[in-house]
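# the following block contains a protein sequence and its predicted model.
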Amino acid sequence: MNVLILGSGGREHAFAWKISQSKLLQNLYIAPGNAGTANCGINVAISLTDFEAIKNLVWEKDINLVLVGPEDPLVNGLHDFFLQDDILKDIPVIGPKKDGAQLEGSKDFSKAFMKKHGIPTARYGTFTKESLRDGFNFLDTLQAPFVLKADGLAAGKGVLIIQDIHQAKEELTNILINSKFGSAGNKVVIEEFLFGIELSVFVLTDGISYKILPAAKDYKRIGEGDTGLNTGGMGAVSPVPFADEKFIKIVEEKIIIPTINGLIKDGIDYCGFIFIGLMNCNGEPSVIEYNCRMGDPETEVVIPRIKSDLLDLLNGVANKNLNTKHYETINEIATTVVLVSGGYPGEFKKDILIQGIDNNNDSLIFHSGTKLVNDKVYTNGGRVFAVTSFGNTIKYAVNKSFDCANKINYEGKYFRGDIGQDLINY
Ligand code: AMP
Ligand code: GLY
């Protein structure tokens, strides 16, 4: 098979690394990819907003399956574009159509979906500039902290958690009236704050059956001890100690099955990954969000823990016979530590020469923001690498990741030295 992976981050490198090991694979292309994916297949420099360029690539390279990494092309209708095109319509796209991608693309849609199908989630209300007053009144019924969410995609910045009621009302006004998040904030979801520990559960579905992938915990803040600004993710651990078999069974019964059945009932034919962000509130899971894709850096610990052939599983999604596919995971713990550019998630420099990535055999170095120039690797993003290691304990695995991270050199390198620390004695 010829496979095309769309995206350029650590997630896509992990996909490419895994799929490149498949016996079913002939040629692997990654668009646009990075310096790491170039070791797994052929990078093609096209923009993911250019659907015509994607079409030409699929046609020229005789692609048999397209795996979409990030949410934007899905929310913008790439899968629908394939189905509406005579040349592309029979080529499977792994990732939902626009309707299913709304689970991530619209917070209001996803909350209404959960409410309709009885899926546990925080109490909420949705408000527009016309109903600003009702929004204030709704805030008055809640206890601090107050959670405000821009309805649309806001590059991961659209969620505000605010302690003070006056400031919450001011921010609500900023989003709805002063367009703080542009059109993504034309509607705002206000919801109850959930107390507990967060984790992410991942599901692969062909729209009928599903496989529950390994769960993971992400470390979102830039600073150690979960301080400072939110990032795309600074590290991840899988499995999650408190997400034992019993807890995952509850998640399956109360969340996964109602989600799959809800999609079917609503006439949404969903093929791809569902990333379920959960709060574990004293053993009771509650959904914080859905994403219509895998997480980054969670993929860098989840995918390496899948023993089965990922391409075979994706074929199961494409052919709607996922239930017939063999699915097995490995028991070892995987941890990943993300190396970023100085300044991230604020301003940071690019094009910095990287050294020391060849002398690490004990870990998997997934590239997130790198590029190749004359056979040399340079930084090309805020998150630069995700270094994944295995072990029988979190401590052992994460120490291997730290050792490897210490050997990689570039100006401004930073990583969190406390990834997994909270889970070690859990
Ligand atoms: P989201 O984009 O919806 O995942 O929100 C981003 C982050 O905000 C989540 O990962 C949580 O840490 C936090 N968050 C969102 N909603 C809630 C909530 N209702 N209660 C507590 N924390 C929340
Ligand atoms: N690591 C969080 C995300 O991918 O959305």
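Noted; the coordinates are in hand. Residues are numbered from 1 along each chain as shown. Ligands and ions are numbered 1, 2, ... in the order given.

# alpha carbons only for contacts and neighbour counts from here, please
Fine.

# gap between residue 419 and ligand 2?
With distances taken as Cα to the nearest ligand atom, to the nearest Å, residue 419 is found 14 Å from ligand 2.

# neighbours of the closest residue to that residue other than its chain neighbours, how many?
With sequence-adjacent residues excluded and distances taken as Cα to Cα, 6 or more residues apart in numbering, residue 419 is closest to residue 235, at 6.1 Å. Residue 235 has 30 neighbours, counted by other Cα atoms under 10 Å.

# where does residue 125 land in three-state SS?
Secondary structure for residue 125, judged by DSSP: H, G, I helix; E, B strand; the rest coil, is strand.

# and the residue nearest to residue 419, bridged to which residues?
When bridges are taken as DSSP bridges, the partners of residue 235 come out as residue 337.

# residues contacting the closest residue to residue 163 other than its chain neighbours?
Leaving aside its sequence neighbours, residue 163 sits nearest to residue 145 (Cα to Cα, 6+ apart; 4.5 Å). Residue 145 makes contact with 161-164, 193, according to Cα atoms under 8 Å, 6 or more residues apart in numbering.

# can you list contacts of stretch 341-358?
222, 229-231, 365, 376-384, 407-414.

# between which two of the contacts of residue 145 is the distance greatest?
Using Cα to Cα, those span at most 13.2 Å, a distance reached by 164 and 193.

# re the thing from before, look up how far ligand 1 lies from the residue nearest to residue 419.
Distance, residue 235 to ligand 1, using Cα to the nearest ligand atom: 14 Å.

# the longest helix belonging to the chain: how far from the chain's middle?
The residue-count maximum for a helix in the chain (DSSP state H) belongs to helix 394-407. Distance of helix 394-407 from its chain centroid, counting by Cα atoms, centre = their mean, to the nearest Å, is 23 Å.

# thinking again about what came up before, show the pLDDT at the residue nearest to residue 163.
Note on residue 145: pLDDT of 96.

# for residue 152, same thing?
93.

# let me see the contact set for the residue nearest to it when sequence neighbours are not counted.
In space, residue 152 comes closest to residue 184 once its chain neighbours are excluded; the distance is 4.1 Å by Cα to Cα, 6+ apart. The contact partners of residue 184, taken as Cα under 8 Å, 6+ apart, are 150-154.

# out of the residues you listed, grab the one that's most surrounded.
Taking other Cα under 10 Å as the neighbour criterion, residue 150 ranks highest of these with 28 neighbours.

# CA atoms of stretch 108-127 as CSV?
Extracted in CSV, the C-alpha atoms of stretch 108-127 (Å, rounded to 0.1, in the frame of the first residue of the first chain):
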residue,chain,number,x,y,z
ASP,A,108,-21.3,24.1,21.8
PHE,A,109,-21.9,21.2,19.4
SER,A,110,-19.9,18.8,21.5
LYS,A,111,-21.6,19.9,24.8
ALA,A,112,-25.1,19.5,23.1
PHE,A,113,-24.0,16.1,21.8
MET,A,114,-23.0,15.0,25.3
LYS,A,115,-26.2,16.3,26.8
LYS,A,116,-28.4,14.7,24.2
HIS,A,117,-26.7,11.3,24.6
GLY,A,118,-26.4,11.3,28.4
ILE,A,119,-22.6,11.5,28.5
PRO,A,120,-21.2,12.8,31.8
THR,A,121,-19.8,16.3,31.4
ALA,A,122,-19.8,19.6,33.3
ARG,A,123,-23.1,21.6,33.5
TYR,A,124,-23.0,24.4,30.9
GLY,A,125,-24.6,27.2,29.0
THR,A,126,-23.9,28.7,25.6
PHE,A,127,-24.1,32.4,25.0
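
# how many neighbours does the closest residue to ligand 1 within the stretch 1-150 of the chain have?
Closest residue of the stretch 1-150 of the chain to ligand 1, Cα to the nearest ligand atom: residue 122 (5.5 Å). The number of residues packed near residue 122 is 18, by other Cα under 10 Å.

# and it, how far from ligand 2?
19 Å.

# how about that residue, phi and psi?
Main-chain torsions, residue 122, degrees, to the nearest 10: phi -70, psi 140.
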